[in-house]
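Engineer: Take this sequence and fold it.
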Amino acid sequence: MYSKSTSLMLAAALCFERSCGAHFWGHEVAKLGHDVRLIPPAYVKPSVKRQKNDAADAEAICEAAQRPSMRFVPIKSEETQGAASVFHVRKLLIRQRTQSINALRGHLGEYGYVVPQGARRTGEGASSSRAKASGRSASTGPAAAGNGARSTSVSMLKRWRCGL
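Structural biologist: Predicted coordinates:
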């Protein structure tokens, strides 16, 4: 990644602002024998004196790194980064699933279906409040007659409940 002249340099303390690629570059620079320190962006921001550009950021990082009370962030191992990635992707998928189920519950409510809250209970009680009020079952009568959107919504709800 680096030229030979870079690898022949004396070991130095290098400070990076912790960002999306900082851990990767920290590992690469550490392989060359340098001491790498990562600074959280919140500690760099107060040192920025003027508009945000590369030169102003570099100056702010240098100032922040020289503070005696600066707390540096350790470089994450690849295993730690992988575990964090899996955690964040899982969290995103759960949030999207919840948004989809809530949207579907709202749409089914427009057709008179009452669906309990919660991903586990979603497929349990897709029943029609109009059908209950008229004494009919939810699968017969005008509330369930021939509406493709409603049957599609109910089948989607059952698939989401099963995790498909």
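
Engineer: pull the longest helix from the protein.
Structural biologist: helix 78-110 (DSSP state H).

Engineer: Show me what secondary structure element comes after that helix.
Structural biologist: As assigned by DSSP states H and E, the chain's next helix or strand after helix 78-110 is strand 113-114.

Engineer: sorry, back to before: which strands and helices lie in contact with the longest helix of the chain?
Structural biologist: helix 148-162 (3 or more CB pairs under 8 Å, 6 or more residues apart in numbering; DSSP states H and E). Heads up, the C-betas are built off the backbone N, CA and C, glycines and all.

Engineer: What mean pLDDT does the helix it packs on get?
Structural biologist: Averaging pLDDT along helix 148-162 gives 66.

Engineer: remind me which residues of the protein are low pLDDT?
Structural biologist: Filtered on pLDDT under 70, the chain yields the residue ranges 1-9, 121-150, 153-154, 156-157, 159-164.

Engineer: Run a quick neighbour tally on A55.
Structural biologist: By other CB atoms under 10 Å, 9 other residues sit near A55.

Engineer: Okay then, goodbye and thanks.
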